[in-house]
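Visitor: Turn this into a structure:
(2 chains)
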Amino acid sequence: MSSTYETLQERLQEAFDAVALGADPALRTSDRSDYQANGVMALAKRLGRAPREVAQEIVGAGRLDGVATVEIAGPGFLNLTLLPEFVEHQLGAISLDARLGLVPSSAPLRVILDYSSPNVAKEMHVGHLRSTVIGDALARMYRFFGHTVIARNHVGDWGTPFGMSIEHLLDLGEGQAVATFSIGDLNAFYKAARVKFDADDEFKTRSRSRVVALQSGDPETLRLWRVLVDESVSYFADIYAKLDVTLLPSDVVGESYYNDMLEGVVEDLAAAGLLVESEGALCVFPPGFQNRDGEPLPLIVRKRDEGFGYAATDLAALRERVSVLHGDELLYVVGAPQAQHLEMVFAVARLAGWLSNEVRCEQVIFGNVLGLDHKMLKSRGGETIKLVDLLDEAIERAYASLEERGADLGGDDRLHLATQIALAAIKYADLSTDRQHDYVFDLERMIAFEGDTGPYLQYAHARVSSIFRRLGEPWQARDVHFALAESPSRELALGLLALPEALTSALSNLQPHRLCTYLFDLAQRFTSFYDACPVLSAEGALRDERLALCDLTARTLRLGLELLGIDAPEQM
RNA sequence: GCGGCUGUAGCUCAGCGGAUUAGAGCAUCGGUCUACGGAACCGAGGGUCGGGGGUUCGAAUCCCUCCAGCCGCACCA
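Guide: Numbering: from 1, shown residues only, chains lettered A, B, ... in the order given. Sure, this is the predicted structure:
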């Protein structure tokens, strides 16, 4: 993958040279808005000079130099566009690179990425979709930049609910329970258990003592628990395969894994003098958190019944990630409702000295998935919608629409393509909006294949690809001179040049949607170009230039989509 | 009540380390097409950026305040 990127970079550099050092000043001034030095005031302050005076000087210098131009528009404000190189050259000491602050550290980092994290014996739903898709995109981007990603699928496989699940499993009979799991009907399993737990006191009592048996290591209970875990994990694996996500079975490190470390966590917190007993529970009170009565809010490390809550598990996990895994960055792709809990965990870890300021530790927070009514996505019956059902429905629709268009593909191929398209639709819809905001899940819209959608990007890619297919011979980049004499070509070239910034900005802010925005913009530039500038019927240098632009476009789209976890089929 | 998040075109969303006339997609209306895939392209209409103050030569963007909505706030993870 890195060789692709390097080649791409070379081609981009070539294009850049043509643009930046060419003979068309209008191009540089009007199109590179990202580099607008929009703080004349900042420059002036920095230099201790009057803004207008500075601007005048820039204008003069700009004309001399021919690198940039500046206009002064209206009486009250200044309007200018500068290239960073120019600013540095003319005025010195102003580093726009520093302003951008986007250049990633060249040293490879160890990134511990906690994502997906479904619960054993429970269905995966859209919330897990977000965590999985966002986490997967981030993992791909980090790896692309040469960092090491350690994925941790922090599966919920421990705690109180398992008393209930195990008892229900026994009621059903093991064979029957396994059958339920293998047809992927975890919803039914969990719901039935829940209903019994709420309604049946005898069942409730059994469940509670089963929790105790589990936590005290009773072998038969552990064996039953293992059945639940194994069945669930293999069910999850099927979904990951369907989602075409990079998560591996070996990435599953569930809550139970930390069970043996919990005592140690308590002891060390106690030794550090942080532990306080409150209402029978062992707590840490990190400063700055309040409950609804305005009193200090505890992080409960050990419950009144001497069991451990998820706070203890999260602390143990965090500590392991720093001291054993040596993570430089700890990232948690977890939904917004957990924000306060995680902040408290981080705060306590800092108090305990387990987390230094050198380690970047943050929650990659994401908003809810809403239905068309702008409420939490639920089925007609008010139940949680199964992730698989959502995927299957999307695939069906994509398939139907392929049939409508009479795609000359049959059988498996068509199904495969439908799957690629459906996933593109769903993933892109999820990734293309700011992850912190809630978003409305509208399958109709995301799979409409028009507008700002995954399939639109795939289509753009398929169209470029078809040019090279029709070319008949393998195409190789020669020494192409980029004259970029036509507006659509220039626009496309400028779009191509923006790739590095789009990537670094997406990664450093942990915001995949920035990459999406970039790719959509590029695809639009390409289709405009494609419409206006015939490639194969052109001749000579013009044809070479257009082919080179197409090649760059194809590779850029492919790369970008790959980093988002989206396939780029050659034909569709 | 405390904390967090959100409010930008009819709808879905970008933009928010301040800067030309606030952008896109969908929808609507109107164009283009005997060139590489019409899942396309070009164009138009549509916005007091929730309200009000403040800082600034300049605010959707920064600060304060009010309104509306969502989420979290002690033993389930």
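Visitor: Could you check how far residue A:160 is from RNA strand B?
Guide: Distance, residue A:160 to RNA strand B, using CB to the nearest atom of the strand, to the nearest Å: 4 Å. The way it works is simple: take the backbone N, C-alpha and C, and place the C-beta from them, glycine included.
Visitor: Just list the residues touching that residue, thanks.
Guide: By CB atoms under 8 Å, 6 or more residues apart in numbering, the contact set of residue A:160 is A:211, A:307.
Visitor: could you redo the last one with a cut-off of 10 Å?
Guide: Residues near residue A:160 by CB atoms under 10 Å, 6 or more residues apart in numbering: A:207-208, A:210-211, A:214-215, A:303, A:305, A:307, A:309.
Visitor: you'd agree residue A:269 is up against residue A:282?
Guide: Yes. The pair residue A:269 / residue A:282 is scored as a contact, 8.0 Å apart, by CB atoms under 10 Å.
Visitor: Identify the contacts common to these two.
Guide: In contact with both residue A:269 and residue A:282: A:275-276, A:299, A:301-302, A:312, using CB under 10 Å, 6+ apart.
Visitor: For the stretch 301-450 of chain A, which residues are neighbours of RNA strand B?
Guide: A:303-305, A:307-310, A:313, A:336-341, A:367-368, A:370, A:374, A:376, A:401-402, A:405, A:407, A:421, A:432-434, A:436-440, A:442, A:445, A:448-450 (CB under 7 Å from any atom of the strand).
Visitor: likewise the stretch 151-300 of chain A?
Guide: Contact residues, the stretch 151-300 of chain A versus RNA strand B (CB under 7 Å from any atom of the strand): A:156, A:158-161, A:255, A:278-281, A:283, A:290-292, A:294-295, A:297-298, A:300.
Visitor: distance of the residue nearest the centre of chain A from RNA strand B?
Guide: Most central in chain A under CA atoms, centre = their mean is residue A:134, positioned 2.7 Å from the mean C-alpha point. As defined by CB to the nearest atom of the strand, residue A:134 lies at a distance of 13 Å from RNA strand B.
Visitor: State the pLDDT value of that residue.
Guide: You'll see residue A:134 listed with a pLDDT of 97.
Visitor: Assess the claim that residue A:333 and residue A:136 are in contact.
Guide: Yes. With contacts counted by CB under 10 Å, residue A:333 reaches residue A:136, the gap being 9.2 Å.
Visitor: quick one, what contacts residue A:127?
Guide: A:117-118, A:334-335, A:337, A:366, A:368-369, A:376-377, A:384, A:387.
Visitor: Highest neighbour count among these?
Guide: Neighbour counts for the contacts of residue A:127, by other CB atoms under 10 Å, peak at residue A:118, which reaches 25 neighbours.
Visitor: Quick check: phi and psi at that one.
Guide: phi -80, psi 180 (degrees, to the nearest 10).
Visitor: All the strands of chain A, residue numbers only.
Guide: Using DSSP state E, the strands of chain A run over A:70-71, A:79-80, A:110-114, A:148-152, A:275-278, A:281-284, A:299-302, A:329-332, A:360-363, A:369-370, A:439-440.
Visitor: Please name the nearest non-neighbouring residue to residue A:252.
Guide: Counting by CB to CB, 6 or more residues apart in numbering, residue A:252 lies nearest to residue A:153, which is 4.6 Å off, once chain neighbours are set aside.
Visitor: Just give the number of residues close to that neighbour.
Guide: Residues within reach of residue A:153, counting by other CB under 10 Å, total 24.
Visitor: ok, of the residues of the stretch 151-300 of chain A next to RNA strand B, which come out buried?
Guide: The neighbour count (16 or more other CB atoms under 10 Å) marks A:156, A:158-161, A:255, A:281, A:283, A:297-298, A:300 as buried among these.
Visitor: May I see these arranged in JSON lines, with pLDDT as well?
Guide: Output for those, formatted as JSON lines (pLDDT from 0 to 100):
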{"residue": "A:156", "pLDDT": "95"}
{"residue": "A:158", "pLDDT": "93"}
{"residue": "A:159", "pLDDT": "89"}
{"residue": "A:160", "pLDDT": "89"}
{"residue": "A:161", "pLDDT": "91"}
{"residue": "A:255", "pLDDT": "96"}
{"residue": "A:281", "pLDDT": "95"}
{"residue": "A:283", "pLDDT": "96"}
{"residue": "A:297", "pLDDT": "94"}
{"residue": "A:298", "pLDDT": "95"}
{"residue": "A:300", "pLDDT": "96"}
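Visitor: circling back: for residue A:529, state which of the shared contacts of residue A:269 and residue A:282 is nearest.
Guide: Comparing the shared contacts of residue A:269 and residue A:282 against residue A:529 with CB to CB picks out residue A:299 as the nearest, at 55.9 Å.
Visitor: Count the neighbours of that closest one for me.
Guide: For residue A:299, the count of nearby residues is 23 (other CB under 10 Å).
Visitor: same deal with residue A:391?
Guide: Neighbour count for residue A:391, taken as other CB under 10 Å: 18.
Visitor: most neighbours, which of the shared contacts of residue A:269 and residue A:282?
Guide: Neighbour-wise, those (other CB under 10 Å) top out at residue A:312, 26 neighbours.
Visitor: Correct me if wrong: that one contacts residue A:306.
Guide: No. Contact criterion CB under 10 Å: residue A:312 and residue A:306 do not qualify, at 11.5 Å.
Visitor: what sits in contact with each of the two?
Guide: Joint contacts of residue A:312 and residue A:306 (CB under 10 Å, 6+ apart) are residue A:282.
Visitor: Identify the contacts common to residue A:333 and residue A:136.
Guide: Joint contacts of residue A:333 and residue A:136 (CB under 10 Å, 6+ apart) are A:113, A:115-116.
Visitor: can you redo the residues you listed as TSV with distance to RNA strand B and pLDDT?
Guide: As requested, these are exported to TSV (distance: CB to the nearest atom of the strand, whole Å; pLDDT from 0 to 100):
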residue	distance to RNA strand B	pLDDT
A:113	18	97
A:115	15	97
A:116	13	97
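Visitor: returning to what we had before: what's the residue nearest to residue A:252 in contact with, if anything?
Guide: A:113-118, A:131-132, A:135, A:233, A:236, A:240, A:247-254.
Visitor: Buried only: go through the shared contacts of residue A:333 and residue A:136 for me.
Guide: A:113, A:115-116.
Visitor: count of neighbours near residue A:237?
Guide: 14.
Visitor: Next, the contact list for it, please.
Guide: A:247-249, A:252.
Visitor: go on, residue A:148?
Guide: Counting by CB under 10 Å, 6+ apart, residue A:148 makes contact with A:108-112, A:142, A:326-328.
Visitor: So what sits opposite it in the bridge?
Guide: Residue A:148 has these beta-bridge partners by DSSP bridges: residue A:110.
Visitor: Give me the pLDDT for it.
Guide: So residue A:148 comes in at 93 (pLDDT).
Visitor: how about low-confidence regions in the stretch 1-150 of chain A?
Guide: A:1-106 (pLDDT under 70).
Visitor: Out of the residues of the stretch 301-450 of chain A next to RNA strand B, list just those in helices.
Guide: Using DSSP state H, A:310, A:313, A:339-341, A:401-402, A:421, A:445 are the members of those that sit in helices.
Visitor: Show me just the buried residues among those.
Guide: Here, 16+ other CB under 10 Å leaves A:310, A:313, A:401-402, A:421 buried among these.
Visitor: Turn the residues you listed into CSV, including pLDDT.
Guide: Shown next, in CSV, are these (pLDDT from 0 to 100):
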residue, pLDDT
A:310, 94
A:313, 97
A:401, 90
A:402, 90
A:421, 96
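Visitor: Hmm, residue A:270 and residue A:282 touching each other?
Guide: Yes. Between residue A:282 and residue A:270 a contact is recorded at 7.9 Å, counting by CB under 10 Å.
Visitor: Looking at those two, which is more packed in?
Guide: Between residue A:282 and residue A:270, counting by other CB under 10 Å, residue A:282 is the more crowded of the two (21 against 14).
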